[in-house]
Every structure is written in structure tokens, then in C-alpha cells.
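Visitor: Take this sequence and fold it.
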Amino acid sequence: MEENTEVITDEKEKLEKLYQIDFKAKKISEELKDTNKPIFIELVGTPKSGKTTLKNSLEEIFKRNNVNFLSRRETAEYNPVSKSSMYYDTWMILELCKNLSEDLSTEEGKVIIYDRGILDRLPWMEFALNNGAMSSNDYLAFKNVFNADIFKKYNPILKIFVTSPELSVKRKGKPGVFVNETSINKFNNLLQKNMVDIQKNASYSNIVKTDKYQGKIKEFISDNVYDIFDGIEKELVKRKEEKEK
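Guide: Predicted coordinates:
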């Protein structure tokens, strides 16, 4: 009997969270009208950790609740440079800087989602350096770009997803050029190594270990959307307080 009561309570809590997500989205939709600059969300982390799934869910919720938003595709999806080229990562970094410059110049209250934005390049640049796909001169030059004032204005709500190598490969279906246990283990170590630089200018950030959500996709979405909305609300409150000073 006690077990059934716990299940019912758990289901009620999940339903309440789903209701609160739509309530928060509607509130955010209205409050965005009082700000003249975008709020950024960046999804960072291990390949096959659920970033794109979460982005798609955010888009659906925003559309359903009339939230003004823009969603940026992962640049790897349309990079015209071969992955084996020395210029692959260079193109990615410059494309993301271009996108960010455009988005920061937007004088409009909207949410802008980056599926693997510029901060996500930090561990990937070092990954490329270690694999001989980026020269040490280029690595140091591009690493220094992250000290530019533009990144002090970016201030994203940052979600950093970490998935074990075994689960990442399982979600992929089979090992690939990048999604294999050796490469994922290297990337996760570099992600941890670069964590301070990734997080330092975020308005809000947290690290999510996604293995616990295996087989619980709805819970993964609701927990992380709810958390992102909390981050958006805190940023909107901060802007309102600054405006009233």
C-alpha cells in the first residue's frame, strides 16, 4: 500500500511540474516584452547526451506558449569543411562568433538557443589539438579569443551534460569516428579540464550527469526544462532590478 502511495505521489509531482512548465513559459513570454536584449541558452557536453532532444522539446514548449525565440542549429550539421581537414574547427569557431555577434546585436527580448554554442568549442579545440587536427599556434590564438569582451556580454544559461562513454556509444547504436569509448572518455576529461573557463561568464549553469535518465526521457526533459526556466526567470528579475535602479 505504501509503495502505491509513493507511485501516486510521484506521478502527481510530475504532472505538477509539467503544469508549472507551461505556466512559467507563458510568464516568460510576457516578461520578455520588457527587455531589449536576448537571453541565451547554451547546451554543452558529451555527444549523444540528449542536447538536441532537449532543444527540440524547448522549441515545442516555446511555440505552444508564444515565447519569442530563435534556435541555432549545431554547426557540425552544416559545416562544409571535411572533418579530416585542419580547418574544420577553425570554420566552427568563426561561424559561431559570427552567429553570436549577430544575436548580441538584436535589440529584442527573445530567447536564443544554441545546440553546442561557442563555449562548447573549448574542449573540442583541445581535442583537435591533441589529435593533430589543430596547430598549437591556432589553438592558442583561438583560446585567447575567449577573453574578448563579447563573451562577457554573452552570459548564457548553461546546461552541461555529461554521459558515460558506454552509454554515449549505446545511444549512437554503434561506435563511430568520434562516438567511441576512447574518444568519449578523452572528451569528458577535456570537458572537466575546461569547466572553469566554460562556466565563468554564464549567468546560470549546472552540470547534469545523464546516465541516471536512461529510459526516462520525459523526466529528463521536464527536469531540465524546469531548471532552464528558473534560470530565465532569475535573469529577467535581475534585469528588472537593474532597470529600476
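Visitor: drop to CA atoms for contacts and neighbour counts, all remaining ones
Guide: Fine.
Visitor: just the strands in the protein please.
Guide: When assigned using DSSP state E, the strands of the chain occupy the ranges 39-45, 69-72, 111-115, 157-162, 204-209.
Visitor: okay if I get these as a markdown table plus mean pLDDT and mean neighbour count?
Guide: Formatted as a markdown table, the strands of the chain follow (pLDDT from 0 to 100; neighbours: other CA atoms under 10 Å):
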| stretch | mean pLDDT | mean neighbour count |
| --- | --- | --- |
| strand 39-45 | 97 | 25 |
| strand 69-72 | 97 | 17 |
| strand 111-115 | 97 | 22 |
| strand 157-162 | 97 | 24 |
| strand 204-209 | 95 | 17 |
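Visitor: And the residue nearest to the spatial centre of the chain, how far from residue 30?
Guide: Compute the mean C-alpha point of the chain, and by CA atoms, centre = their mean the closest residue is residue 43, 0.8 Å away. Residue 43 sits 24 Å away from residue 30, going by CA to CA, to the nearest Å.
Visitor: what do you get for residue 75?
Guide: 30 Å.
Visitor: same deal with residue 244?
Guide: Per CA to CA, residue 244 is found 18 Å from residue 30.
Visitor: Convert stretch 212-229 to CSV, retaining C-alpha atoms only.
Guide: Provided in CSV are the C-alpha atoms of stretch 212-229 (Å, rounded to 0.1, in the frame of the first residue of the first chain):
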residue,chain,number,x,y,z
LYS,A,212,20.5,8.4,-14.4
TYR,A,213,17.9,9.4,-17.0
GLN,A,214,18.4,6.4,-19.3
GLY,A,215,14.9,5.1,-20.2
LYS,A,216,13.4,8.2,-18.5
ILE,A,217,13.2,10.7,-21.4
LYS,A,218,10.1,12.5,-20.1
GLU,A,219,11.7,13.0,-16.7
PHE,A,220,15.0,14.2,-18.4
ILE,A,221,13.0,16.8,-20.4
SER,A,222,10.8,18.1,-17.6
ASP,A,223,13.7,18.4,-15.1
ASN,A,224,16.0,20.2,-17.4
VAL,A,225,13.3,22.5,-19.0
TYR,A,226,12.1,23.4,-15.5
ASP,A,227,15.7,24.2,-14.5
ILE,A,228,16.3,26.3,-17.6
PHE,A,229,13.1,28.3,-17.0
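Visitor: Which residues does it contact?
Guide: Around stretch 212-229, the neighbours that count as contacts under CA atoms under 8 Å, 6 or more residues apart in numbering are 14, 17-18, 21, 24-25, 41, 54, 57-58, 157, 159, 210.
Visitor: how far does it sit from the chain's center?
Guide: 14 Å (CA atoms, centre = their mean, to the nearest Å).
Visitor: In it, which of the residues would be classed as buried?
Guide: Residues of stretch 212-229 classed as buried by neighbour count (16 or more other CA atoms under 10 Å): 220, 221, 222, 224, 225, 226, 227, 228, 229.
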